[in-house]
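Enquirer: test case, fold it:
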Amino acid sequence: MSEAITNQLANDSITARSAGSQPAGEVHPLSLKYLAESGYSTDGLISQSWDDFERFEPDVVVTVCDSAAGEACPLYFGNSLKVHWGLSDPSKIQGNESEIKQAFLACIEEIAERVKKLESIAKQNLNTSDLKQALAQAGAQ
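Expert: Reported below is the predicted structural model:
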């Protein structure tokens, strides 16, 4: 969800790629459904391992799931700034259809708000030290 939202909202200020340490093999169907209902393109979204991005050299790596906070990032992301957003995974919610939908929509909205802050920071073209400080002040770390 973060990749789709970021790439749509950040207007070329940020290039987002999404991957995990243990990809499920498919994007969760409800993620696709609620992203589309919220007006986000889901074209090209696939489940990927971070091993697929060995040559990708991001300035910032954002982990998003609660469970990801303690995971080690791969060595090839070693020079990247690390930011953790600590989002609850709506696909893990137990409840009725309405409760699950609300969890997905709340997560989408939270990601969108954080992306707006991140985009504002990205447009400033800060050096690494100032970028780290701006991310901390924005509550992104």
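Enquirer: name the residue most distant from the centre of the protein?
Expert: No residue in the chain sits farther from the centre than N96, which is 25.6 Å out by CA atoms, centre = their mean.
Enquirer: give me the pLDDT for it.
Expert: The model reports N96 with a pLDDT of 96.
Enquirer: give the contact list for it.
Expert: Neighbour list for N96: empty [criterion: CB atoms under 8 Å, 6 or more residues apart in numbering]. Just so you know, the C-beta spots here come from the backbone N, C-alpha and C atoms, and that holds for glycine as well.
Enquirer: can you report phi and psi for it?
Expert: phi -80, psi 180 (degrees, to the nearest 10).
Enquirer: cool, V62 as well?
Expert: phi -110, psi 120.
Enquirer: apart from its neighbours in sequence, what residue is nearest it?
Expert: V83 (4.7 Å; CB to CB, 6 or more residues apart in numbering).
Enquirer: please identify the helix or strand for that neighbour.
Expert: strand 81-87 (DSSP states H and E).
Enquirer: next one: F77, what pLDDT does it get?
Expert: Predicted confidence (pLDDT) for F77: 73.
Enquirer: poorly predicted segments of this structure, please.
Expert: Under the criterion pLDDT under 70, the flagged ranges of the chain are 66-76, 139-141.
Enquirer: which residues touch stretch 43-60?
Expert: 3-4, 17-27, 32, 73-74, 76-77, 79-83, 118, 131, 135.
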